[in-house]
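Chemist: I would like to see how this sequence folds:
(chains A, B and C, ligands or ions: 3)
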Amino acid sequence: MKMVIAIVQDKDSPKLQQNLVNAGVRATKLASTGGFLHAGNTTFLIGTNSDRVHEVLELIRTSCRSREQVVTPMSPMGSQVESYVPYPVSVQVGGATVFVLDVEQFEQF
Amino acid sequence: MKMVIAIVQDKDSPKLQQNLVNAGVRATKLASTGGFLHAGNTTFLIGTNSDRVHEVLELIRTSCRSREQVVTPMSPMGSQVESYVPYPVSVQVGGATVFVLDVEQFEQF
Amino acid sequence: MKMVIAIVQDKDSPKLQQNLVNAGVRATKLASTGGFLHAGNTTFLIGTNSDRVHEVLELIRTSCRSREQVVTPMSPMGSQVESYVPYPVSVQVGGATVFVLDVEQFEQF
Ligand code: NI
Ligand code: NI
Ligand code: NI
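Modeler: Ligands and ions are numbered 1, 2, ... in the order given. From the prediction side, this is the model:
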């Protein structure tokens, strides 16, 4: 048995959760903030048999991998909009930090 | 030293916390949601000497074990109560998912 | 790779976070309550190379170590203030409970 601890951005959290459910992998989510990734992240505790660790890591990677996203910044509140021309910019989003720990004993009551 | 990670239903959380305090077992609680058990669960991080792991697992089991509970469903808001006869039903409540991990080093400052 | 789990008082949390950032040590914070320390604590998950564990423990110790603090208790709301003479008292604050766990695998996506 292994414990996979994955810290992912909030925006990727629902997709990862759905993909884990679809694969029959059990997880619990902890509210977390800052540090590994920018503000607004979620920590998943995932218990899995040792032989499914690679599959779980693939689920995390495909759900959360770091990628470019084109966004159009909002005009700041109270600015003179006629002097401000918003244009699309590319930003980095997503990404996951993942730790795999050994579980010595696993019980369900 | 071992780290026991226990995910329990919110309704069992105060009882488990009290039983851990009574046994002199130190724990911290993390807010958590969904997955291992239905929505509304609490994750306990419990640090314990290796020779007390069995005792801690017994505390968790007796505080949180899955059991039948008879509930009488509430009449839904806004329904015509005269056409709705509530009757007691048996539901499954409780249960705990528990991981035991080895602690390589333990410090208190 | 090691996972350092540190439970510290909320009041020491910003200082520890700043010191970790300054040292280039990555961490995420989990909301937590009670148990190891009195109500209002924060759990840090810190991923670090094995050869920096001692340094990380020193950062936690210097940021959070248990110490005496002189406080002047507030006059309770609604009390007759003329019959109540506040005087400074020394209380114990801070402290950290720290677990070091081995990480079998570490990934960043
Ligand atoms: Ni195992
Ligand atoms: Ni040990
Ligand atoms: Ni290692």
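
Chemist: isn't A:Glu68 right next to A:Gln92, touching?
Modeler: Yes. Using Cβ atoms under 8 Å, A:Glu68 makes contact with A:Gln92 at a distance of 6.4 Å. (Glycine included, C-beta is placed from N, CA and C.)

Chemist: can you give me the strands in chain A?
Modeler: A:2-9, A:26-33, A:41-48, A:67-71, A:89-93, A:96-102, A:105-108 (DSSP state E).

Chemist: what's the closest of those to B:Glu107?
Modeler: strand A:96-102 (18.6 Å; Cβ to Cβ).

Chemist: what does the closest one rub up against?
Modeler: A:1-8, A:12, A:36-37, A:53, A:57, A:60-61, A:63-65, B:101-102, C:1, C:3, C:26, C:28, C:47, C:101-109 (Cβ atoms under 8 Å, 6 or more residues apart in numbering or on different chains).

Chemist: Just the buried residues of those.
Modeler: When neighbours are counted using 16 or more other Cβ atoms under 10 Å in any protein chain shown, the contacts of strand A:96-102 contain these buried positions: A:2-8, A:12, A:36-37, A:53, A:57, A:60-61, A:63-64, B:101, C:3, C:26, C:28, C:47, C:101, C:103, C:109.

Chemist: And the residue of chain A that's closest to chain B?
Modeler: For chain A and chain B, the shortest gap (Cβ to the nearest Cβ) falls at A:Gln105, measuring 3.9 Å.

Chemist: Roughly how far does that residue sit from B:Asp102?
Modeler: As defined by Cβ to Cβ, to the nearest Å, A:Gln105 lies at a distance of 10 Å from B:Asp102.

Chemist: again with A:Ser90
Modeler: For A:Ser90, the distance to B:Asp102 (Cβ to Cβ) stands at 44 Å.

Chemist: Over to A:Lys11?
Modeler: 34 Å.

Chemist: ditto for A:Arg67
Modeler: The gap separating A:Arg67 from B:Asp102 is 36 Å, by Cβ to Cβ.

Chemist: returning to that earlier point: can you put the strands of chain A in TSV and add mean pLDDT?
Modeler: Formatted as TSV, the entries for the strands of chain A read as follows, by pLDDT from 0 to 100:
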stretch	mean pLDDT
strand A:2-9	94
strand A:26-33	81
strand A:41-48	92
strand A:67-71	82
strand A:89-93	83
strand A:96-102	96
strand A:105-108	94
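
Chemist: got these as JSON lines, with distance to C:Asn22 columns?
Modeler: JSON lines is the format used below for those (distance: least, Cβ to Cβ, whole Å):
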{"stretch": "strand A:2-9", "distance to C:Asn22": "21"}
{"stretch": "strand A:26-33", "distance to C:Asn22": "18"}
{"stretch": "strand A:41-48", "distance to C:Asn22": "21"}
{"stretch": "strand A:67-71", "distance to C:Asn22": "30"}
{"stretch": "strand A:89-93", "distance to C:Asn22": "23"}
{"stretch": "strand A:96-102", "distance to C:Asn22": "20"}
{"stretch": "strand A:105-108", "distance to C:Asn22": "38"}
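
Chemist: For A:Gln17, the count of nearby residues, please.
Modeler: By other Cβ atoms under 10 Å in any protein chain shown, 19 other residues sit near A:Gln17.

Chemist: right, I mislabeled it, should have said A:Gln92
Modeler: The burial count assigned to A:Gln92 is 10, neighbours taken as other Cβ under 10 Å.

Chemist: And for A:Ala23?
Modeler: Residue crowding around A:Ala23 was assessed by other Cβ under 10 Å; the count is 13.

Chemist: And A:Asn41, by the same measure?
Modeler: A:Asn41: 25 surrounding residues under other Cβ under 10 Å.

Chemist: Just list whatever residues bridge to it.
Modeler: The residues paired with A:Asn41 through beta bridges, assigned by DSSP bridges, are A:Gln9, A:Ser32.
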